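Give me the fold of what follows.
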Amino acid sequence: MNLLNKDTPGDSIIDMSLLDTAIDAGVIPNRFEQYEEAYEKTDSLIKSYVDEEGDSSTFLFQMKNQIDKILKK
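Coordinates of the predicted model:
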């Protein structure tokens, strides 16, 4: 925030704290209640796939099914 104030020549038309408020308010909320669970499961599945180097089509099918189960809760 101080960097923005230093970089703004003279008096600014708007208060620079408005930018800070706008950035904080601009954070996108989770789209669904099980977001964290789905994210963690996806991350785990991808890590296991990379470690095991299995069949990609089987992996994608299994991942889709497991994530669908979480989202249907």
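
And the longest helix anywhere in the chain, what's buried?
Looking only at the chain and at elements set by DSSP state H, the helix with the highest residue count is helix 35-52. With burial defined by 16 or more other C-beta atoms under 10 Å, the residues of helix 35-52 counted as buried are 38, 41, 45, 49. For glycine as for every other residue, the C-beta is placed from the backbone atoms N, C-alpha and C.

Distance check, residue 71 against residue 64.
10 Å (C-beta to C-beta, to the nearest Å).

And for residue 50?
For residue 50, the distance to residue 64 - C-beta to C-beta - is 17 Å.

Residue 72 too?
Distance from residue 72 to residue 64, by C-beta to C-beta: 12 Å.

Can you check what angle separates the helix or strand where residue 65 lies from helix 35-52?
Per DSSP states H and E: residue 65 is located in helix 56-71. If you take axes from the mean of the first three to the mean of the last three C-alpha atoms, to 10 degrees, helix 56-71 sits at 160 degrees to helix 35-52.

which outside residues touch helix 56-71?
Identification of contacts with helix 56-71 by C-beta atoms under 8 Å, 6 or more residues apart in numbering yields 32, 34, 37, 38, 41, 42, 45, 46, 49.

Same list (these) but as TSV, adding distance to residue 25 and pLDDT.
Shown next, in TSV, are those (distance: C-beta to C-beta, whole Å; pLDDT from 0 to 100):
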residue	distance to residue 25	pLDDT
32	21	72
34	24	83
37	26	89
38	25	88
41	30	90
42	28	90
45	33	87
46	32	86
49	37	83
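
can you list the weak-confidence ranges in the chain?
1-19, 27-31, 54 (pLDDT under 70).

residues of stretch 58-72 that come out buried?
For stretch 58-72, by 16+ other C-beta under 10 Å, it's 59, 63, 67, 70.

what's the closest of the residues you listed to residue 24?
residue 70 (29.0 Å; C-beta to C-beta).

Against residue 43, how distant is that closest one?
Computed as C-beta to C-beta, the residue 70 to residue 43 distance reads 13 Å.

Same check on residue 50?
11 Å.

What of residue 55?
Counting by C-beta to C-beta - residue 55 and residue 43 are separated by 20 Å.
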